[in-house]
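>>> Predicted model and sequence follow; I will ask about them next.
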Amino acid sequence: IRWTEGRGWHDAQLQPYAPIEIDPANMTLHYGQAIFEGLKAYRQTDGSIATFRPEANAERFQASARRLAMPELPVETFVEAVELLVQQEQNWVPNEPEQSLYLRPFMFATEVGLGVRPSNSYLFMLIASPAGAYFPGGVKPVSVWLSEDYVRAAPGGTGAAKCAGNYAASLVAQAEAAAKGCDQVVWLDAAEHRWVEEMGGMNLYFVFGEGKDAKIVTPALSGALLPGITRASLLQLATDLGYAVEERKISTEEWKQGNADGTLTEVFACGTAAVITPVGSVKSQGGDWTVGAGEPGPVTTELRKALLAIQGGQAPDTHGWLHKIV
Ligand code: PMP
């Protein structure tokens with residue numbers, strides 16, 4: 001679907017997957033006006049296909065567009081595009097458990113020119129690709145590196161937007177994490193390098209205490225972290241399951257101390273790609289430590305199962321999160 005100044009949205013087309021032509025002076029290549037979303041369609045136990053909260057992705061896409069001075073695609077148009085594409089793939093059959101159809105909506109500038117200003121035209125596209133289980137051999141805790149030299153987002157910056165530049169800026173820290181032998185990077189705040197923000201492409205959750213008395217804490221939205229749809233769903237789901245849930249600031253000292261004295265029992269990350277990933281160990285300039293028993297904890301496992309069951313249609317969808325398509 002194209003957008004042109006003075007004309008608005010026009011020329012929606014459904015086409016077979018194919019390369020597109022880009023002018024060397026396309027403004028996206030120089031100034032980075034590019035935003036995207038990621039969501040999944042799941043084959044339901046009754047044979048239908050449903051996506052999970054596509055309206056929430058559409059709304060976040062609009063927020064990203066506003067931050068990058070791009071036009072907002074109407075929520076209904078975004079959802080309709082998702083429906084049309086999934087309908088094309090209705091014969092898709094998952095060939096392994098937890099396989100899904102990954103959908104990648106994105107939008108970028110199409111004006112040709114070298115002046116630094118918002119483009120006067122844009123292209124919104126949507127592609128689909130089957131995605132295998134994130135943990136084919138069973139859920140395994142990841143190791144994380146606390147990034148103290150690089151930050152992902154600064155106050156007033158683009159941290160809350162899902163824009164390409166955030167990911168470009170994250171790659172060097174992800175490489176640093178890999179060089180330290182870690183699977184993922186954990187981002188801290190820009191001012192004090194102390195407050196935990198998020199992990200790679202996922203939001204973080206901390207579990208204090210055990211059993212149904214456990215309290216679940218996630219860093220509050222600060223404008224510097226992406227408001228994850230899985231994060232928002234888990235706030236609700238954990239409450240439904242009887243846990244006390246809190247959104248607040250959490251520091252690296254509290255994390256380290258909590259693991260040392262046993263009050264912090266589990267840490268996990270959440271996002272569309274992996275749903276829920278346990279965090280098993282931490283490395284940082286100030287020392288290394290393990291989280292809980294270094295195994296997926298009971299609260300992590302319970303929430304993971306509960307969310308996957310809703311997404312796959314095995315559990316009742318009490319919040320109306322599933323959007324049935326075919
Ligand atoms: N943070 C970042 C930086 C991400 O890229 C993602 C993935 N979109 C998330 C968090 C998790 O968001 P969601 O639950 O909407 O996938």
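Arrived safely, thanks for sending.
>>> So which residues of the stretch 151-300 of the chain form strands?
184-188, 196-199, 202-208, 215-219, 244-248, 264-271, 275-284, 287-290 (DSSP state E, counting those that start in this stretch).
>>> Can you name every helix or strand that the first one contacts?
Strand 184-188 makes packing contacts with strand 142-147, helix 164-179, strand 196-199 when contacts are defined by 3 or more Cβ pairs under 8 Å, 6 or more residues apart in numbering; DSSP states H and E. (Each C-beta comes from the backbone N, C-alpha and C, glycine too.)
>>> Quick one: residues contacting residue 131.
Counting by Cβ atoms under 8 Å, 6 or more residues apart in numbering, residue 131 touches 40, 99, 100, 101, 102, 273.
>>> same check, this time on residue 301
Contacts of residue 301 by Cβ under 8 Å, 6+ apart are residue 139.
>>> Quick check: which element contains it?
helix 298-311 (DSSP states H and E).
>>> that older thread, go through the helices and strands packed on strand 184-188 and pick out the most buried.
Comparing these by mean neighbour count (mean count of other Cβ atoms under 10 Å), strand 196-199 ranks first with a mean of 24.
>>> What residues does the stretch 1-150 of the chain have near the ligand?
With Cβ under 6 Å from any ligand atom as the criterion, the stretch 1-150 of the chain meets the ligand at residues residue 38.
>>> How about the stretch 1-150 of the chain: which residue is closest to the ligand?
Nearest to the ligand, among the residues of the stretch 1-150 of the chain, is residue 38, at 5.1 Å (Cβ to the nearest ligand atom).
>>> my guess is that residue meets residue 101, correct?
No - counting by Cβ atoms under 8 Å, residue 38 stays clear of residue 101, with 11.8 Å between them.
>>> out of the two, which sits in the more crowded spot?
Neighbour totals were compared for residue 38 and residue 101, and residue 101 leads with 22 against 17 (other Cβ atoms under 10 Å).
>>> what pLDDT does the closest residue to the more buried one other than its chain neighbours get?
The spatially closest residue to residue 101, leaving aside those adjacent along the chain, is residue 41, at 4.1 Å (Cβ to Cβ, 6 or more residues apart in numbering). We have a pLDDT of 96 for residue 41.
>>> Tabulate the helices and strands packed on strand 184-188 in JSON lines, adding columns for mean pLDDT and distance to residue 132.
Listed next are those as JSON lines, based on pLDDT from 0 to 100; distance: least, Cβ to Cβ, whole Å:
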{"stretch": "strand 142-147", "mean pLDDT": "96", "distance to residue 132": "17"}
{"stretch": "helix 164-179", "mean pLDDT": "97", "distance to residue 132": "21"}
{"stretch": "strand 196-199", "mean pLDDT": "97", "distance to residue 132": "21"}
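>>> bridging residues for the nearest residue to residue 322 once chain neighbours are set aside?
Closest residue to residue 322 apart from its sequence neighbours, by Cβ to Cβ, 6+ apart: residue 50 at 4.2 Å. Residues in a beta bridge with residue 50, per DSSP bridges, are residue 42, residue 324.
>>> give the contact list for residue 50.
41, 42, 44, 313, 322, 323, 324, 325.
>>> Now restrict those residues to buried residues only.
Neighbour counting with 16 or more other Cβ atoms under 10 Å marks 41, 42, 44, 313, 322, 323, 325 as buried within these.
>>> Would you indicate which residues of stretch 121-132 are buried?
Applying 16+ other Cβ under 10 Å to stretch 121-132 flags 122, 123, 124, 125, 126, 128, 131 as buried.
>>> How about the residues of the stretch 201-326 of the chain by the ligand?
Close to the ligand, as judged by Cβ under 6 Å from any ligand atom, the stretch 201-326 of the chain has residues 201, 202, 203, 226, 228, 229, 230, 231, 271, 272.
>>> coming back round to it: which of the helices and strands packed on strand 184-188 sits closest to residue 256?
strand 142-147 (9.6 Å; Cβ to Cβ).
>>> Give me the contact list for that closest one.
173, 176-177, 180-188, 199, 252, 269, 277-285.
>>> From the residues you listed, keep the buried residues only.
Buried among the contacts of strand 142-147 (16+ other Cβ under 10 Å): 173, 177, 180, 182-188, 199, 252, 269, 277-284.
>>> and the closest residue to residue 198 other than its chain neighbours, how many residues sit next to it?
In space, and not counting its chain neighbours, residue 198 is closest to residue 225: 4.6 Å by Cβ to Cβ, 6+ apart. Residue 225 has 23 neighbours, counted by other Cβ under 10 Å.
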